[in-house]
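Asker: predicted model, plus sequence, below.
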Amino acid sequence: ILLTSHACQQDHNGYTHQDPGFLNHLVSKKSEIVRMYLPCDHNTLISTMDHSLKTKNYINTIVASKHPRYQWFNKEEAIKLCTDGLMIVPWLSEDNPDIVLVSSGETPTLELVAAHNIIKEFCPNLRIRTIVVVDLFKLESSTKSPHGLTDFDFNSIFTIDKPVIFNFHGYPNLIHQLIYKRYNNNFHVHGYKEEGTITTSFDQRVRNEIDRYHIAMAALKYIDN
């Protein structure tokens, strides 16, 4: 299943293109047969599509825009990212982070990278870890999903207590459902809030608070707390 319309692209579409609830429907199915991939650029899209076309007896779902996007990873990096399902982005991350920024999907990743740059401009000493998630089921426990991370791996990647700002163009409750019972309860998910109309892509992001400025402000807010 290739979903090419999502809530962030409303320059000529209406409400029919504004409901990302299909992913919520899929997550209720048996995790042994369902896969949900949100590639962040062209190379990760190619990698996930290549993998999906070679599999059998799975429901593979890929969410990807029809519009040109920034390229973040080369071929080898994209293959590794898609194989692992997620990645700590080395060129946007530091050891012993004060805060963790996470994105899943093309538009959320674009805005997260921009938010990272804004934060570092005004708070250069703030230590940030940036994570990109392509395989959503990596967030679920390995005891529930064959693709899920163990609690040890999850804690080592997302930390056990640092604020995590998760940027997502689906419904935020889907992420909370997947990370249910994880040790770190300090997750703050930005996602689709049923806000929007026929408007520009960036305005749609602002309305749902997944734009770079809302992410940057949220990061500083939770650091202050």
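Answerer: Great, that's in hand. Residues are numbered from 1 along each chain as shown.
Asker: rest of the way, CA atoms for contacts and neighbours
Answerer: Will do.
Asker: which residues in this protein form helices?
Answerer: Per DSSP state H, the chain carries helices over the ranges 22-27, 42-54, 75-84, 106-122, 151-158, 172-178, 201-207, 212-224.
Asker: pull up the gap between Asn74 and His42, please.
Answerer: Distance of Asn74 to His42, given as C-alpha to C-alpha, to the nearest Å: 9 Å.
Asker: one more: Gln177?
Answerer: Applying C-alpha to C-alpha, the value for Gln177 to His42 is 28 Å.
Asker: what do you get for Arg182?
Answerer: Remark: distance between Arg182 and His42 (C-alpha to C-alpha) = 31 Å.
Asker: what does Ala219 give?
Answerer: The value you get for Ala219 to His42, if C-alpha to C-alpha is used, is 28 Å.
Asker: where does pLDDT dip in the protein?
Answerer: 7-18, 224-225 (pLDDT under 70).
Asker: the same query, at a cut-off of 80, please.
Answerer: By pLDDT under 80, the low-scoring segments of the chain are 5-19, 196-198, 223-225.
Asker: mind checking which residue lies nearest the centre of it?
Answerer: Ser104 (1.4 Å; C-alpha atoms, centre = their mean).
Asker: bridged to the closest residue to it other than its chain neighbours, which residues?
Answerer: Among residues not flanking Ser104 along the chain, Val133 sits closest, at 4.9 Å (C-alpha to C-alpha, 6 or more residues apart in numbering). Counting by DSSP bridges, Val133 is bridged to Leu86.
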